[in-house]
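**Q** Next comes the sequence, and after it the predicted model I'd like to discuss.
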Amino acid sequence: MKEKEIPFRQIHLDFHTSEKIQGVCGEFDAEEFAQTLEDAHVNSITLFSCGHHGNLYYNSKKFPEMIHPGLVHKDLLREQAQACRKRGIQVNLYTTIRWNKRVADEHPEWICIDENGALQDYKGKGYFEAGFYKNLCVNTPYRDFLKEQFGEVLETIPGDGVWYDAAFMNECCCPTCQKLMREQGLNPAVKEDRQEFARWTYYDMVRDLTAFAKSYNASFHVCYNKGHVGYLDKPVIDDYSYFSFESLPGVEWGYMDFPVSAKYMRNFGKECLGLTSRFHTEWGDFHAFRNEAAMEYEVFSMLAQGCKCTIGDQMDYWGKLNKDMYRQIGRVYASVEAKEPWCKEAVPLSEIGVFTAEEFYATGVAGQIVGASEGTARILTELGYQFDFIDSTLDFDKYRLLILPDVIPVDEKLEEKLTSYLEKGGKILASYHSGLRTDGKEFGLHQLMVAYKGEAPYSPDFIWPKEHLAAGLADAEHVMYDKGTLVEVSGETEFVQKVIPPVFNRTYEHFCSHLHSPSGRKEEYPGIVETKQTAYFIHPVFTTYQNWAPAWYKKLIANELKRLLPKPMVSHNGPFTTQVNLLRQEKENRDILHVLHYVPVKKCKNLEIVEDVIPLENLKVEVETVDKVEKVYSVPDQKEIPFVQKENRVFFEIDKVNGHFMAAISYKK
């Protein structure tokens with residue numbers, strides 16, 4: 001049985017409610033609940049059967065003792081689901097996997113044990129700290145219990161899909177896991193073996209629980225949430241109906257997490273959804289309101305990345321949805337609904353493939369994307385390039401340029417594939433340790449024309465940009481903050497930008513002023529090595545940019561990219577805060593250009609804030625075309641925009657970008 005279409009406008013409705021609270025859902029009205037959602041243009045919602053406290057929100061016959069003791073509407077979930085589906089709102093049935101406080105309290109033998117023999121806590125909190133974060137082990141009888149409990153829901157409550165939450169991949173040293181590890185020839189005392197077994201456990205769990213859900217309804221959507229979806233999830237992508245990227249910018253994720261995840265996972269032929277929230281910070285931030293401009297930015301960014309949209313919420317314990325917040329959600333989702341015809345089956349176009357560091361350093365933990373990846377995403381986004389994140393198994397030939405940012409090793413198999421790519425005319429930009437063999441002793445990509453001699457003897461050192469690299473930069477030394485590599489040129493090159501060491505490295509024996517030593521004013525060793533098809537930076541430029549964002553780093557990289565890719569897919573005259581994304585709707589024979597201009601500001605210590613929409617006016621845009629353009633028009637009002645087409649480029653001007661603007665470039669049939 002075929003799964004239903006994944007809706008564009010979803011709500012993920014948390015309801016983690018303490019058993020100490022009475023009068024739960026005493027004011028709930030199913031018709032009012034569903035009407036509030038319908039009025040807010042919501043067409044899919046995730047509803048709770050069992051939350052992290054371990055309380056049930058339906059009239060369970062098998063586990064009546066687990067029903068929330070303060071629940072007034074004993075069959076809450078059924079009432080919610082029926083009222084929503086009557087209005088055409090799809091329902092995902094939610095349950096929690098790793099976190100269930102009631103079960104953990106009643107069955108401590110089911111809790112994961114860390115390598116020190118202690119009960120494992122996801123948040124690293126002590127035993128007496130508030131929270132439900134003790135991880136449950138899915139290799140114990142807990143898995144059978146979970147399936148029996150959730151099976152009652154799937155059998156008796158109407159729904160369209162399943163949402164498994166807290167589906168973390170984590171090490172466990174409980175007796176059951178130790179026994180299974182030994183049976184697989186793994187040593188529980190060795191961390192690498194525990195990590196391998198953690199992956200095996202996660203894959204086994206996902207395959208099992210997807211088959212379990214599908215056994216009740218083959219058309220169910222099935223999704224797993226663990227805070228981050230990425231490279232480690234590849235072996236079980238067939239068991240996901242779609243990918244959902246939980247990414248709340250107010251906490252550990254930040255604004256670069258979502259695009260990094262989306263630009264990688266959209267390579268695998270599945271629908272992708274963003275997941276932000278209505279909270280100011282994170283989940284459970286009761287009675288907080290997300291700035292409307294921030295909500296717009298996050299939701300419209302999902303559309304621009306070729307994703308569908310989810311906004312997270314938690315219903316107040318008395319059973320009401322916040323009317324004011326849902327009026328705000330309604331305004332945002334009304335805009336999404338109007339734009340949907342230009343978003344359906346829209347495939348992002350990319351000219352650059354960026355190697356994901358997750359292939360080599362994946363943790364699978366939210367907020368722990370390697371800085372080199374986020375730094376690359378930040379620079380390319382600010383420069384307006386169209387790019388994907390890729391791994392070594394994907395097709396390279398669809399990209400005009402590949403970037404290996406800072407930390408990408410090259411073994412013999414990858415070297416062979418990259419060599420073939422270069423022989424076909426492709427181009428490569430690499431930096432710092434990227435290109436080195438996995439043992440870190442020599443370069444595996446000889447086409448970079450550099451020989452590795454170790455780490456640079458000085459740090460910080462300086463670059464005085466010359467020739468094309470000097471465009472837009474001061475005619476002076478520019479500090480390169482983080483230590484680079486020491487290389488020698490090993491073959492024919494187009495240009496070598498050398499590095500100037502400081503007068504000395506800063507030590508207690510010799511130092512100058514507050515921070516680092518000044519320039520020694522004499523160039524000594526290579527800093528940027530160029531061939532016709534490659535460029536190599538000795539410094540970890542992408543990691544440094546993520547940490548400190550020196551403008552001259554971006555300019556150096558921009559000048560290098562201009563040499564390697566002189567005609568990008570999209571260019572514009574807007575500020576670096578302008579974001580552009582180009583997608584293609586093949587069936588409609590048109591390209592869709594998204595322009596975003598929301599400016600996150602670090603106006604407090606802990607968060608980036610988007611509060612105001614700062615309009616852009618008279619934005620001149622140039623877009624690569626594939627055929628004769630029939631017309632260019634704004635979306636969704638379909639107002640035609642004057643344009644000029646020269647060869648394979650179309651030029652037009654956008655009068656005003658008020659946060660988010662979409663332009664359709666329609667081709668003649």
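**A** Received it, and whenever you're ready, just let me know what you need.
**Q** Quick check: which ranges of this protein have low pLDDT?
**A** For the chain, the stretches with pLDDT under 70 are 1, 363-368.
**Q** care to break it down by domain?
**A** Domain ranges of the chain: 9-344, 352-564, 578-667, per automatic domain parsing.
**Q** Can I get those in CSV including distance to residue 2 and mean neighbour count?
**A** Where C-beta positions appear, they are placed from N, C-alpha and C, glycine not excepted. What follows is those, written out as CSV (distance: least, C-beta to C-beta, whole Å; neighbours: other C-beta atoms under 10 Å):
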stretch, distance to residue 2, mean neighbour count
domain 9-344, 6, 19
domain 352-564, 27, 19
domain 578-667, 19, 16
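**Q** Make a markdown table from these and add distance to residue 570 to it.
**A** Converted to a markdown table, the domains of the chain look like this (distance: least, C-beta to C-beta, whole Å):
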| stretch | distance to residue 570 |
| --- | --- |
| domain 9-344 | 12 |
| domain 352-564 | 6 |
| domain 578-667 | 5 |
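**Q** what residues are up against residue 530?
**A** 493, 494, 495, 496, 497, 536, 560, 563 (C-beta atoms under 8 Å, 6 or more residues apart in numbering).
**Q** Mind giving me the packing neighbours of the host helix or strand of the last one?
**A** Assignment of secondary structure by DSSP states H and E places residue 563 within helix 551-564. Of the remaining helices and strands, those touching helix 551-564 by 3 or more C-beta pairs under 8 Å, 6 or more residues apart in numbering; DSSP states H and E are helix 371-383, strand 427-431, strand 525-530, strand 534-537, helix 541-548.
**Q** what does the helix or strand that it is followed by contact?
**A** Scanning forward in sequence from helix 551-564 by DSSP H and E, the next helix or strand is strand 570-572. Applying C-beta under 8 Å, 6+ apart, the contact partners of strand 570-572 are 384-386, 578, 580, 582, 593, 595, 619-624.
**Q** Swap in 10 Å and give it another go.
**A** For strand 570-572, contacts defined as C-beta atoms under 10 Å, 6 or more residues apart in numbering pick out 349, 351, 383-386, 578, 580-582, 591, 593, 595, 616, 619-624, 649, 651, 653-654, 657.
**Q** The residues you listed in helices, which ones?
**A** Mapping the contacts of strand 570-572 onto helices (DSSP state H) picks out residue 383.
**Q** doesn't residue 629 make contact with residue 590?
**A** Yes: under the criterion of C-beta atoms under 10 Å, residue 590 makes contact with residue 629 at 9.5 Å.
**Q** For these two, list the residues in contact with both.
**A** Shared contacts of residue 590 and residue 629, defined by C-beta under 10 Å, 6+ apart, are found at 665, 666, 667.
**Q** Residue 308: which of these is nearest?
**A** Set against residue 308, the nearest of the shared contacts of residue 590 and residue 629 by C-beta to C-beta is residue 665 (22.4 Å).
**Q** What distance do you get for residue 20 to residue 29?
**A** Here the criterion is C-beta to C-beta, to the nearest Å. By it, residue 20 lies 24 Å from residue 29.
**Q** Strands of the stretch 1-150 of the chain, residue ranges please.
**A** Assigned by DSSP state E, counting those that start in this stretch, the strands in the stretch 1-150 of the chain fall at 9-14, 44-50, 90-96.
**Q** Next, the angle from the longest helix along the chain to strand 90-96.
**A** Across the chain, the longest stretch assigned as helix under DSSP H is helix 191-216. Angle, helix 191-216 to strand 90-96, by axes from the mean of the first three to the mean of the last three C-alpha atoms, to 10 degrees: 140 degrees.
**Q** Now do the contacts for the closest residue to residue 579 other than its chain neighbours.
**A** In this structure, residue 579 finds its nearest non-sequential neighbour in residue 596, 4.1 Å apart by C-beta to C-beta, 6 or more residues apart in numbering. Counting by C-beta under 10 Å, 6+ apart, residue 596 makes contact with 296-297, 300-301, 303-304, 381, 577-581, 616, 657, 659-662.
**Q** which SS class is the residue in the chain sticking out farthest from the centre?
**A** In the chain, counting by C-alpha atoms, centre = their mean, residue 509 sits farthest out from the average C-alpha position, at 45.4 Å. Here residue 509 takes the coil state, with states given by DSSP: H, G, I helix; E, B strand; the rest coil.
**Q** Over to residue 479?
**A** The three-state assignment at residue 479 reads strand, by three-state DSSP.
**Q** Just grab the bridge partners of the closest residue to residue 399 other than its chain neighbours for me.
**A** Counting by C-beta to C-beta, 6+ apart, the nearest residue to residue 399 once its immediate chain neighbours are dropped is residue 353, at 3.9 Å. Assessed by DSSP bridges, residue 353 has beta-bridge partners residue 388, residue 402.
**Q** ok, now how distant is residue 353 from residue 555?
**A** With the distance defined as C-beta to C-beta, residue 353 ends up 23 Å from residue 555.
**Q** What segments of the stretch 401-550 of the chain are strands?
**A** Using DSSP E, counting those that start in this stretch, strands in the stretch 401-550 of the chain cover 401-404, 427-431, 450-455, 461-463, 478-480, 485-489, 495-500, 525-530, 534-537.
**Q** Generate CSV for these, with distance to residue 643 as supplementary columns.
**A** Formatted as CSV, the strands of the stretch 401-550 of the chain follow (distance: least, C-beta to C-beta, whole Å):
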stretch, distance to residue 643
strand 401-404, 27
strand 427-431, 30
strand 450-455, 44
strand 461-463, 40
strand 478-480, 39
strand 485-489, 46
strand 495-500, 37
strand 525-530, 36
strand 534-537, 34
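**Q** out of those strands, nearest to residue 141?
**A** strand 401-404 (46.2 Å).
**Q** and the closest one, C-alpha only, in PDB?
**A** Below are the C-alpha coordinates for strand 401-404, written out as PDB (Å, rounded to 0.1, in the frame of the first residue of the first chain):
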ATOM      1  CA  LEU A 401      33.900  22.200  -8.200                       C
ATOM      2  CA  LEU A 402      34.600  20.000  -5.100                       C
ATOM      3  CA  ILE A 403      35.600  21.400  -1.800                       C
ATOM      4  CA  LEU A 404      37.500  19.300   0.800                       C
END
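**Q** so what secondary structure elements neighbour that strand?
**A** Packing partners of strand 401-404 (3 or more C-beta pairs under 10 Å, 6 or more residues apart in numbering; DSSP states H and E): strand 352-355, helix 371-383, strand 387-390, helix 412-423, strand 427-431, strand 534-537, helix 551-564.
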